[in-house]
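**Student:** quick one: sequence plus predicted model below, questions after.
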Amino acid sequence: MASTETTAKATAKNDDLAGLEAGLDALDAVQVSRTPVREVLLKKVLPPLTAVALVLVVWQLLVWAEVTAEYKLPAPSAVWDSLSEMWLQGTLFDVVWTSVSRGLLGFLLALAIGTPLGLLVARVKFVRAAIGPILSGLQSLPSVAWVPPAVIWLGLNDSMMFAVILLGAVPSIANGLVSGVDQVPPLFLRAGRTLGATGLRGTWHIVMPAALPGYVAGLKQGWAFSWRSLMAAEIIASSPDLGLGLGQLLENGRNNADMAGVFFAILLILIVGIAIDLLLFSPLERWVLRSRGLLARS
């Protein structure tokens, strides 16, 4: 009789464990399905298009209401005319590419410098105590403040542009990586040391993968600072030798009192910044979240 009861209890316990395991497996399982095109259009495409349409409508209503002089607030059609003129002249892509190529190259240089610097600050206490506060201070310093000394030191050339980008972006990338490393659970580091992952091997296989969320956030912020720094440098340090970029285009509109050209340049700067984020950093961020089971594949 006692043996039968023991067997029944053991069977019930096994059933409970099996049920618990099945439940955990169900929680861990990520539903993989392709989102219908109609749903994508409704949830991701329609909202921003609606917002843009509302802005254009309000803009045109303000123009019709004559809330200010036309030279201060041109109609959207005037901005479209500026776009058409540059398109017909064949200069639109040249202007955009001049700034985009500078921004991306400057960001890659900042990435190459900020990543090892961030690891050094995060892993070496003396270095953190010495330059950690300086990095935080540099991150809060407006990038435009570096343009005058950079012009004096390097002259009106691309080297000056890249110097301003680096001074604006490197602290953001480094601080983002430091924040990511600080959030790595100590258990991961101890487990890595137990398995022999120390030094550079531990950094590559343990620290960097675990610090990816903070690092990616630092990269996004670093690109934002790169783009803002470049625009500030192009606006202030305009020169024919530098070629015509988006910042120079904006400054030319101001000098010529051409508000349609000014609005057009602002829209181009905004569109490029959004496009880079959507094409590069948003997919990277989704991949990091998905690899940690925080985002379902769609």
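**Tutor:** On my side now, so go ahead.
**Student:** with adjacent residues omitted, what lies nearest to residue 264?
**Tutor:** Setting aside the residues directly before and after it, residue 264 is nearest to residue 82 in space (C-beta to C-beta, 6 or more residues apart in numbering), at 4.2 Å. Just so you know, the C-beta spots here come from the backbone N, C-alpha and C atoms, and that holds for glycine as well.
**Student:** okay, and that neighbour sits in which element?
**Tutor:** If you go by DSSP states H and E, residue 82 is part of helix 76-89.
**Student:** quick check, residue 79 in contact with residue 258.
**Tutor:** No - with contacts counted by C-beta atoms under 8 Å, residue 79 stays clear of residue 258, the gap being 10.5 Å.
**Student:** longest helix anywhere in the protein?
**Tutor:** The longest helix of the chain (DSSP state H) is helix 92-123.
**Student:** alpha carbons of the helix holding residue 82, as PDB, please.
**Tutor:** Once non-C-alpha atoms are left out, helix 76-89 reads as follows in PDB (Å, rounded to 0.1, in the frame of the first residue of the first chain):
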ATOM      1  CA  PRO A  76       5.100  75.000 -49.100                       C
ATOM      2  CA  SER A  77       4.900  75.400 -52.900                       C
ATOM      3  CA  ALA A  78       7.900  77.800 -52.700                       C
ATOM      4  CA  VAL A  79       9.900  75.200 -50.900                       C
ATOM      5  CA  TRP A  80       8.900  72.600 -53.600                       C
ATOM      6  CA  ASP A  81      10.100  75.100 -56.200                       C
ATOM      7  CA  SER A  82      13.500  75.200 -54.500                       C
ATOM      8  CA  LEU A  83      13.700  71.400 -54.600                       C
ATOM      9  CA  SER A  84      12.700  71.400 -58.300                       C
ATOM     10  CA  GLU A  85      15.300  74.000 -59.200                       C
ATOM     11  CA  MET A  86      18.100  72.000 -57.500                       C
ATOM     12  CA  TRP A  87      16.900  68.800 -59.100                       C
ATOM     13  CA  LEU A  88      16.800  70.300 -62.600                       C
ATOM     14  CA  GLN A  89      20.300  71.800 -62.100                       C
END
